[in-house]
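In: What follows is a predicted structure for the sequence shown.
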Amino acid sequence: MKEKRDQWTSKLGFILASAGAAIGLGAIWKFPYVTGMSGGGAFFLIFVIFTLVIGLPMLISEFIIGRGTAREAISAYKKLAPDSLWVWVGRIGVLGCFLLLTFYSVVGGWVLIYSGMSIPGKIISESANYEALFGSIVGSPGITMLGLLLFTVANVLVISLGVQKGIERANKYMMPLLFIFFIILVIRSLTLEGALEGVRFFLAPDFSNITRESILYALGQSFFSLAVGFSCMITYSSYLKKDVSLTSSAGTVVGMNIFVSLLAGLAIFPVVFALGFEPAEGPGLLFMVLPAAFAQLPLGSVFLSLFLLLFLFATLTSSFSLYEIIVAAFTANGKYSRKTVTWILGAVLLVVAIPSALSSSTLSGVEIFNKSIFDATDYLVSNIMLPLGSLLIAIFIIHRADKALVQEEYHLGGKDSISLYPVWRLLMTWVVPLTIIIVFLNTLGIVK
């Protein structure tokens, strides 16, 4: 017998859960270091444009498919396009979420280790060399594997019990607290001597530093940070009631995501320049700069512990959405229980994630196309599979999905957005697919 499908209890619960899925490593960890490696202000501007013009219509599209079918990703495509190959869009999404989790869980383990170390104040009180500290953690196979194991177990325990009530209830308290502590960090960062140079780097566009690869990174980041392209939001919105406006919900999630990205940049880059760090530091940027920033605050170790715990929660809520799309796909037919699927998935993920976990230690000499296993997996997922998945979803919702259902879902609960329906349809018909294709061709050197 199939389990009864849960529903979000309110619009706020859905928005905060969706924001929790989107606002995690993408906005807080990945965005600052990708921006630092891609030229700063110009990258941020391109990212915002892509997020509004490409990411927002894509998010609305996934919401429409999910609530319109009340099914998880694979079953949703089966319902809208039975006996066709479109079901592979959902399957690619499930595969993409799995691959994403293989390196996402590694970073989640780093966050968990840092959170544990910050509680007794070890990060600030025992080490002034934060770069060396980060290197010692990611370079230790034992510590990295322990973090990966604990992060995986945390996900499995929550997902196996069902995530709607737990995530929704926790998000109502934890996400606002995350914003508050982020703002505190931003205020302190902006008061450091030399902070203005970091603000200028982050907000003053310098297009001389923009390359074909950085444009592709900006497009991939706009998908990664909103959790679109892999049909995650199809699964989340399938639990949504009919009286909620999809367009206003999507707009709120996008606005929160851009705001958090702005806060992340303003929190990190002033400290980077004020304390002499390198903005192109890479994946370790947040882990080296964050302790340095809190070290400048009274009771800095306390603030660092609280912030890292909240950051860990944001990281977990994002990974919950990735687990949920996979678990929902394998439990949709009712043959397998949620607990069984979740524990098996956790075990398999733990094994498959080992190469990424050891990319900075035991397997540091192994490269794929001149990238570490971790970076190669990240590049494949963020810059190839996510844009490809988004392209297929854009084609599907315009040319294959039932037009009446799409229009009805777009309008439900949001009468004020009716006039914008032609704009959304124009963006999804032409702007979204053409932008994705042009960026790909530009990256390959075919279009300049």
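Out: Nice, thanks for sending it over.

In: Low-confidence ranges, the stretch 251-400 of the chain, go.
Out: For the stretch 251-400 of the chain, applying pLDDT under 70 flags the ranges 281.

In: can you give me the strands for it?
Out: Secondary structure of the stretch 251-400 of the chain, counting by DSSP state E, counting those that start in this stretch: strands at 367-368, 371-372.

In: Can you say which of those is packed in most?
Out: strand 371-372 (a mean of 17; mean count of other Cβ atoms under 10 Å). All C-beta atoms are positioned from the backbone trio N, CA, C, and that covers glycine.

In: returning to what we had before: tabulate the strands of the stretch 251-400 of the chain in a markdown table, adding columns for distance to Asn129.
Out: Shown next, in a markdown table, are the strands of the stretch 251-400 of the chain (distance: least, Cβ to Cβ, whole Å):
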| stretch | distance to Asn129 |
| --- | --- |
| strand 367-368 | 27 |
| strand 371-372 | 23 |
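
In: wait, which of those strands is closest to Met117?
Out: Among the strands of the stretch 251-400 of the chain, strand 371-372 comes nearest to Met117, with 24.0 Å by Cβ to Cβ.

In: Could you list the paired strands of that closest one along with their orientation?
Out: strand 367-368 (antiparallel) (DSSP bridges).

In: what does the strand it pairs with rub up against?
Out: With contact meaning Cβ atoms under 8 Å, 6 or more residues apart in numbering, strand 367-368 is reached by Ala376.

In: separation between the nearest residue to Gln7 once chain neighbours are set aside and Val89?
Out: In space, and not counting its chain neighbours, Gln7 is closest to Tyr239: 5.1 Å by Cβ to Cβ, 6 or more residues apart in numbering. In this structure, Tyr239 and Val89 are 20 Å apart, going by Cβ to Cβ, to the nearest Å.

In: so how many other residues sit close to Gly276?
Out: Using other Cβ atoms under 10 Å, the number of residues around Gly276 comes to 9.

In: Use 738 as the first number from now on
Out: In the new count, where the first residue is 738, that last one comes out as Gly1013.

In: State the distance from it to Gly773.
Out: Noted for Gly1013: a distance of 14 Å to Gly773, by Cβ to Cβ.

In: Repeat that for His1148.
Out: Applying Cβ to Cβ to His1148 and Gly773 gives a distance of 42 Å.

In: between the two, who's got more neighbours?
Out: Neighbour count, other Cβ under 10 Å: between His1148 and Gly773, Gly773 has more, with 24 against 15.

In: Touching, that one and Pro1020? I think so.
Out: No. Using Cβ atoms under 8 Å, Gly773 is not in contact with Pro1020, being 10.5 Å away.

In: Just say helix, strand or coil for Leu977.
Out: State at Leu977, reduced to three classes by DSSP: H, G, I helix; E, B strand; the rest coil: coil.

In: Kindly list the main-chain dihedrals of it?
Out: Here is the backbone geometry of Leu977 (degrees, to the nearest 10): phi -90, psi 140.

In: Roughly how far does it sit from Ile802?
Out: Per Cβ to Cβ, Leu977 is found 12 Å from Ile802.

In: More neighbours: which of the two?
Out: Ile802 (29 against 22).

In: helix or strand right after the helix or strand harbouring the more buried one?
Out: Take DSSP states H and E as the rule and Ile802 turns out to sit in helix 793-806. Going down the chain from helix 793-806, the next helix or strand is helix 810-817, by DSSP H and E.

In: Give me the helices and strands touching that next one, please.
Out: With contacts taken as 3 or more Cβ pairs under 8 Å, 6 or more residues apart in numbering; DSSP states H and E, helix 810-817 sits against helix 793-806, helix 824-855, helix 969-974, helix 1037-1068.

In: mean confidence for it?
Out: Across helix 810-817, the average pLDDT comes to 94.

In: neighbouring contacts of that helix?
Out: 802-803, 805-806, 808, 823-824, 826-828, 830-831, 967-969, 971-972, 975, 1062, 1065-1066, 1069, 1133, 1137-1139, 1142.

In: try 6 Å
Out: 802, 806, 808, 823-824, 826-828, 830, 968, 971-972, 1062, 1066, 1069, 1138 (Cβ atoms under 6 Å, 6 or more residues apart in numbering).

In: so how far is Leu1178 from the closest residue in space to Val1168 that isn't next to it in sequence?
Out: Residue nearest to Val1168 in three dimensions, not counting chain neighbours: Val790, with 6.1 Å by Cβ to Cβ, 6+ apart. Per Cβ to Cβ, Val790 is found 18 Å from Leu1178.

In: got it, and Ala818?
Out: From Ala818 across to Leu1178, the span is 28 Å (Cβ to Cβ).

In: These two: who's more crowded?
Out: Neighbour count, other Cβ under 10 Å: between Ala818 and Leu1178, Ala818 has more, with 16 against 13.

In: List the residues that contact that one.
Out: By Cβ under 6 Å, 6+ apart, the neighbours of Ala818 are Arg1137.

In: mind checking the backbone torsions on it?
Out: Torsion angles at Ala818 (phi, psi; degrees, to the nearest 10) stand at phi -140, psi 70.

In: if we can go back for a sec, go through the strands of the stretch 988-1137 of the chain and name the closest to Ile880.
Out: With respect to Ile880, and counting by Cβ to Cβ, the nearest of the strands of the stretch 988-1137 of the chain is strand 1108-1109 at 17.6 Å.

In: While we're on Gln901, how confident is the model there?
Out: Gln901 is assigned 63 on the pLDDT scale.

In: mind listing the helices for the stretch 1038-1185 of the chain?
Out: Secondary structure of the stretch 1038-1185 of the chain (DSSP state H, counting those that start in this stretch): helices at 1075-1089, 1091-1094, 1110-1117, 1123-1136, 1140-1148, 1158-1163, 1169-1180.

In: Let me know which of these is tucked in deepest.
Out: helix 1091-1094 (a mean of 24).

In: Report the backbone C-alpha coordinates of that helix in CSV.
Out: Extracted as CSV, the C-alpha positions of helix 1091-1094 are listed here (Å, rounded to 0.1, in the frame of the first residue of the first chain):
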residue,chain,number,x,y,z
ILE,A,1091,34.9,8.2,-1.1
PRO,A,1092,36.9,9.3,-4.2
SER,A,1093,35.7,12.9,-3.8
ALA,A,1094,36.4,12.8,-0.1
